[in-house]
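Novice: no letters, just coordinates:
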């Protein structure tokens, strides 16, 4: 993968126990930008890191990818994620 500064969406959904679940109601979408990506993870730039759950799915619309991941670090408006 070689996508730097690619616009993507973070898709979040939760069931009532608070666990993420794809396609569940009550989730949301947050637009973000991939600043760095590898086969194992990515660095994302977001509007605010406070609204991002620990686990979510990254959707790369241009490539039709859905990448389940979890947060490994948070710093200002950037978050680092590892793909699952």
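Specialist: Sure thing, it's come through. Keep in mind that what you see is a predicted model, and the values were worked out from it rather than measured. Numbers count the residues shown, from 1 in each chain.

Novice: wait, residue 60 touches residue 67, no?
Specialist: Yes. With contact defined as Cβ atoms under 8 Å, residue 60 reaches residue 67; the gap is 7.2 Å. For the C-beta atoms, the positions are set from N, CA and C on the backbone; glycine is no exception.

Novice: lowest average confidence, helix or strand, in the protein?
Specialist: When each helix and strand of the chain is scored by mean pLDDT, DSSP states H and E, strand 6-12 comes last, with a mean of 59.

Novice: can you name every helix or strand that whatever helix or strand comes next after that strand contacts?
Specialist: Next helix or strand after strand 6-12 toward the C-terminus (DSSP states H and E): strand 28-37. With contacts defined as 3 or more Cβ pairs under 8 Å, 6 or more residues apart in numbering; DSSP states H and E, strand 28-37 has these neighbours: strand 6-12, strand 41-45.

Novice: what strands line up against the helix or strand following the shortest one, and which way round?
Specialist: On the C-terminal side of strand 41-45, the closest following helix or strand by DSSP H and E is strand 55-60. Applying DSSP bridges, strand 55-60 is found paired with strand 6-12 (antiparallel), strand 65-75 (antiparallel).

Novice: can you list the buried residues in strand 55-60?
Specialist: Residues of strand 55-60 classed as buried by neighbour count (16 or more other Cβ atoms under 10 Å): 56-58, 60.

Novice: alright, calling it a day.
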